[in-house]
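**Q** Below are the sequence and a predicted model; questions follow.
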Amino acid sequence: MISETLGLRERKRLETRAQLERATVLLVAEVGLENATVDAICARVPVSPRTFFNYFDSKEDAILGMRDLPIDDAFLDQHRAATAGLPVVEQVIGLLLHVMGPAIGDTELHEARMAIVKEHPELLRRQFAQMTRMGEQLVAGVSLFLTNDPALSALPDAERDSLAELILPLCGGAIRAAVKEWVADGSVRDTAELQRRAVELAGKVITALA
């Protein structure tokens, strides 16, 4: 009975969060970032501003759907299973994009969010700051991916962690460059397309360095 209650409570929490994200994105799309207030967002759900701030630190975070995911063993095992057989760089870029924000199945909402980010690319700094906050967790995750590489699995843990420290900024920089290209050409790309371009850019850097 307790687990069932907690399950219902968690589903309700996720529903409220999704409603707040949607209300924020659509309001900003209508009236602009500067004119959208937390009070107006809350009126659309409806919830209190206090409830809003239980989920997000700011309207900017709600636009991006930002959340600090726990990168625990279960999370990493799930990601490794989903990306089994892929090169490490592709695994890492996929992990970073997942951490930066969950994929949105709602096409209308996704396009509205991407249009806002295109108009206000400074919002992406919040996502990269998020990755910095989660640095130790991400290094541990990348180091775990490296254990699957036969050429690296026998390395001492400290050396594998050092390699992970180097791979992370390369992959993060590739994502940043792919997003800049997207902003510059004015198109609306989905996460999968951004991921493919980031992997391509990271691969070119690796080839050039080799």
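**A** Alright, I've got the coordinates. Every value quoted in this text rests on a predicted model; they were computed, and no experiment measured them.

**Q** Could you use CA atoms for every contact and neighbour count after this?
**A** Noted.

**Q** What is the burial count for E122?
**A** Using other C-alpha atoms under 10 Å, E122 has 10 neighbouring residues.

**Q** OK, contacts around it?
**A** Contact analysis of E122 by C-alpha atoms under 8 Å, 6 or more residues apart in numbering lists nothing.

**Q** can you tell me how far it sits from A81?
**A** 34 Å (C-alpha to C-alpha, to the nearest Å).

**Q** same question, C42
**A** Relative to A81, and taking C-alpha to C-alpha, C42 is found at 38 Å.

**Q** Could you do H98 as well?
**A** For H98, the distance to A81 - C-alpha to C-alpha - is 15 Å.

**Q** of these two, who's got more company?
**A** H98 (14 against 9).

**Q** Need the three-state assignment for the more buried one.
**A** helix (DSSP: H, G, I helix; E, B strand; the rest coil).

**Q** For it, report the pLDDT, please.
**A** Looking at H98, its pLDDT reads 74.

**Q** mind listing what it touches?
**A** H98 touches nothing, counting by C-alpha under 8 Å, 6+ apart.

**Q** Would you confirm that Q91 contacts T83?
**A** Yes. At 6.1 Å, Q91 counts as touching T83 under the criterion of C-alpha atoms under 8 Å.

**Q** Those two: which has the busier surroundings?
**A** Comparing Q91 with T83 by other C-alpha under 10 Å, the one with more neighbours is Q91, at 20 against 16.

**Q** Tell me which helix or strand that one sits in.
**A** In the assignment (DSSP states H and E), Q91 maps to helix 88-100.

**Q** ok now the helix or strand following that helix, how far from the chain's centre?
**A** Sequence order places helix 107-119 as the next helix or strand after helix 88-100, per DSSP H and E. Centroid separation between helix 107-119 and its chain, computed with C-alpha atoms, centre = their mean, to the nearest Å, is 15 Å.

**Q** Let me see the mean pLDDT of helix 107-119.
**A** 78.

**Q** And that helix, what does it pack against?
**A** If contacts are counted by 3 or more C-alpha pairs under 8 Å, 6 or more residues apart in numbering; DSSP states H and E, helix 107-119 sits against helix 2-31.

**Q** Tell me what angle the helix it packs on forms with helix 107-119.
**A** Computed by axes from the mean of the first three to the mean of the last three C-alpha atoms, to 10 degrees, the angle separating helix 2-31 from helix 107-119 equals 60 degrees.

**Q** my guess is S153 meets F145, correct?
**A** No. Applying C-alpha under 8 Å, one finds S153 not in contact with F145, separated by 9.3 Å.

**Q** For these two, indicate the residue with more neighbours.
**A** When neighbours are counted by other C-alpha under 10 Å, S153 and F145 differ, and F145 comes out ahead with 24 against 15.

**Q** What is the neighbour count of the closest residue to the more buried one other than its chain neighbours?
**A** Spatial nearest neighbour of F145, excluding adjacent residues (C-alpha to C-alpha, 6 or more residues apart in numbering): V88 at 6.6 Å. Other residues near V88 come to 18 when the count uses other C-alpha under 10 Å.
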